[in-house]
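Trainee: here are the coordinates; sequence isn't available:
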């Protein structure tokens with residue numbers, strides 16, 4: 001009986017005694033040494049033909065002896081596996097195959113990172129999948145998915161931060177702090193797909209019991225987004241946070257704290273004489289004088305400033321709204337910056353971390369500095385200083401659009417579409433008047 005078998009344009013007709021079956025493969029007896037493996041003969045889906053045996057296969061010595069030529073060339077190892085040698089000398093493993101009548105080629109990796117033995121093992125795995133009708137791309141996807149499903153919460157959490165969040169958000173420090181302080185110590189070493197609602201419920205409501213409902217809500221929302229990402233990536237079958245609605249953890253509190261002029265007078269006097277590090281005092285003053293965000297101010301670099309023009313070119317990369325802005329600097333801000341330059345002549349950042357001239361101070365450091373300024377007024381945060389400035393400037397009847405531009409807010413609705421004005425002159429006048437008014441309060 002003849003067994004027809006095609007590969008490329010060649011057609012083989014084999015009689016039964018000429019080949020034997022071993023697992024998913026048929027082996028064609030060529031002589032006492034060599035065998036030709038025919039992976040497509042069993043299932044009829046895919047085919048990769050090559051020689052196996054000491055007379056035709058590659059060896060490490062042969063591979064190392066391969067010299068680059070003017071054009072790239074391929075040296076076969078059998079079974080569809082070949083080593084492609086580039087003119088640059090790079091050597092890469094390629095696997096040629098045929099699936100459902102269509103030829104294909106896949107890159108397995110570079111030699112010697114992927115050794116000869118590993119390349120052959122990889123070939124065998126892929127050919128087995130091909131013979132079952134699975135493409136190499138699908139096989140890789142399955143292997144990657146299986147690998148990710150076994151990832152720990154900590155490993156996947158880091159992948160979520162660096163591969164997803166960091167591309168959309170400038171500062172991931174608060175999210176990392178929640179993960180490292182509250183999540184990783186409890187479930188960090190467990191597989192991402194093994195976490196149930198009970199596991200996350202306990203760590204969330206522990207913060208509620210500690211009197212930190214807003215922190216508990218922040219952790220819940222962070223984990224909800226992390227598992228949403230896991231669902232999209234296919235490494236989890238369900239989101240354990242779906243059974244913990246945010247409204248049952250805490251109500252989101254909207255900040256509306258703004259210091260009234262008498263409170264602001266108390267604060268600026270206390271800030272002026274506060275016994276905190278000069279860099280921290282300068283950073284708090286700078287935020288108050290320029291109306292910039294905490295993250296924008298603390299990441300400010302000297303190469304963004306032109307002190308002669310009294311301008312700070314806030315780059316898109318450091319702007320929360322992804323919008324660059326030229327910030328006019330009042331006289332008081334210029335004096336502050338020159339003092340900072342004298343204090344740290346070699347620094348690349350304006351407000352450096354202690355002992356590290358090229359690393360900006362941390363957000364938490366500014367928060368702690370503010371808490372050390374003893375004033376007998378209602379609690380407020382660093383971010384509330386921006387709201388304080390906006391509120392007081394509005395009460396002083398400055399144009400709303402000028403204030404919004406100084407805050408680097410994006411105008412909403414139709415105004416946001418059509419109003420592209422920068423209000424540079426008006427902002428410069430307003431910020432100088434604001435700085436002068438703060439001086440009066442202080443004195």
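Mentor: Noted; the coordinates are in hand. Here the structure is a predicted model, which is why all the values come from computation and not from measurement.
Trainee: Extract the residue ranges of the stretch 201-350 of the chain that are flagged as low pLDDT.
Mentor: 252-255 (pLDDT under 70).
Trainee: for it, what spans make up the strands?
Mentor: Taking DSSP state E, counting those that start in this stretch as the test, the strands found in the stretch 201-350 of the chain are 305-306, 311-314, 325-328.
Trainee: Neighbouring strands of the second one in the sheet, and parallel or not?
Mentor: So that's strand 311-314. strand 305-306 (antiparallel), strand 325-328 (antiparallel) (DSSP bridges).
Trainee: In JSON lines: these, plus distance to residue 82.
Mentor: (Each C-beta comes from the backbone N, C-alpha and C, glycine too.) Shown next, in JSON lines, are the strands paired with strand 311-314 (distance: least, C-beta to C-beta, whole Å):
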{"stretch": "strand 305-306", "distance to residue 82": "57"}
{"stretch": "strand 325-328", "distance to residue 82": "56"}
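Trainee: So which of the ones you listed is the most surrounded?
Mentor: Each of those was scored by mean neighbour count; the highest is strand 325-328, a mean of 20, by mean count of other C-beta atoms under 10 Å.
Trainee: contacts for that strand?
Mentor: 290, 292, 310-314, 319, 405-406, 408, 422, 424, 427-428, 431-432 (C-beta atoms under 8 Å, 6 or more residues apart in numbering).
Trainee: Number of residues surrounding residue 151?
Mentor: Residues within reach of residue 151, counting by other C-beta atoms under 10 Å, total 18.
Trainee: Now do the same for it: its pLDDT.
Mentor: Per-residue confidence (pLDDT) for residue 151: 82.
Trainee: mind listing what it touches?
Mentor: Listed by C-beta under 8 Å, 6+ apart, the contact set of residue 151 reads 159, 191, 192, 235.
Trainee: Just name the closest of those to residue 297, please.
Mentor: residue 159 (30.3 Å; C-beta to C-beta).
Trainee: Under the pLDDT cut-off, which ranges of the stretch 51-200 of the chain? List them.
Mentor: Using pLDDT under 70, the stretch 51-200 of the chain drops low at 51-56, 139-150, 168-171.
Trainee: quick one, strands of it?
Mentor: Here the stretch 51-200 of the chain has its strands, by DSSP E, counting those that start in this stretch, at 73-78, 81-85, 91-99, 102-111.
Trainee: Reformat these as TSV; add mean neighbour count and distance to residue 167.
Mentor: Below are these laid out as TSV (neighbours: other C-beta atoms under 10 Å; distance: least, C-beta to C-beta, whole Å):
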stretch	mean neighbour count	distance to residue 167
strand 73-78	16	38
strand 81-85	22	33
strand 91-99	21	30
strand 102-111	15	26
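Trainee: just to revisit the earlier point, in the contacts of residue 151, which residue is surrounded by the most others?
Mentor: Busiest of the contacts of residue 151 [other C-beta under 10 Å] is residue 192, holding 24 neighbours.
Trainee: Residue 185 versus that one, what's the distance?
Mentor: 16 Å (C-beta to C-beta, to the nearest Å).
Trainee: How about residue 435?
Mentor: 46 Å.
Trainee: do residue 404 as well
Mentor: Distance of residue 404 to residue 185, given as C-beta to C-beta: 42 Å.
Trainee: Between these two, which is the more surrounded one?
Mentor: Set residue 404 next to residue 185 and count neighbours by other C-beta under 10 Å: residue 404 wins out with 18 against 12.
Trainee: The helix or strand containing that one: how far from the chain's middle?
Mentor: Under the criterion of DSSP states H and E, residue 404 resides in helix 400-406. A distance of 32 Å separates the centroid of the chain from that of helix 400-406, by C-alpha atoms, centre = their mean, to the nearest Å.
Trainee: Also stretch 188-205?
Mentor: Distance, stretch centre to chain centre, for stretch 188-205: 22 Å (C-alpha atoms, centre = their mean).
Trainee: buried sites along it?
Mentor: By neighbour count on 16 or more other C-beta atoms under 10 Å, the buried set for stretch 188-205 is 191, 192, 193, 195, 200, 201, 203, 204, 205.
Trainee: closest to residue 370 among those?
Mentor: Comparing the buried residues of stretch 188-205 against residue 370 with C-beta to C-beta places residue 204 closest, at 27.7 Å.
Trainee: In this model residue 218 seems to touch that closest one, though I could be wrong.
Mentor: No - assessed by C-beta atoms under 8 Å, residue 204 is found out of contact with residue 218, at 9.8 Å.
Trainee: Okay, domains of the protein per the record?
Mentor: Annotated domains of the chain cover 2-146, 153-248, 261-442 [automatic domain parsing].
Trainee: ok, for residue 297, nearest residue in space, not its chain neighbours?
Mentor: Excluding its sequence neighbours, the residue lying closest to residue 297 (C-beta to C-beta, 6 or more residues apart in numbering) is residue 287, at 4.9 Å.
Trainee: check contacts around that neighbour.
Mentor: Contacts for residue 287 were tallied using C-beta under 8 Å, 6+ apart; they are 293, 294, 297, 382, 385, 386.
Trainee: again, only using 7 Å
Mentor: By C-beta atoms under 7 Å, 6 or more residues apart in numbering, residue 287 lies in contact with 294, 297, 382, 385.
Trainee: Check residue 192 too.
Mentor: Contacts of residue 192 by C-beta under 7 Å, 6+ apart are 151, 152, 153, 156, 230, 235, 236.
Trainee: let's go with 10 Å and repeat that
Mentor: By C-beta atoms under 10 Å, 6 or more residues apart in numbering, the contact list for residue 192 reads 148-157, 159-160, 226-227, 230, 233, 235-236.
Trainee: In the stretch 201-350 of the chain, mark out all the helices, start to finish.
Mentor: For the stretch 201-350 of the chain, the helices defined by DSSP state H, counting those that start in this stretch cover 213-233, 261-273, 278-290, 294-298, 331-343.
Trainee: for these, which one sits closest to residue 122?
Mentor: helix 213-233 (23.6 Å).
Trainee: Stretch 349-358: which residues count as buried?
Mentor: For stretch 349-358, by 16+ other C-beta under 10 Å, it's 349, 350, 351, 352, 353.
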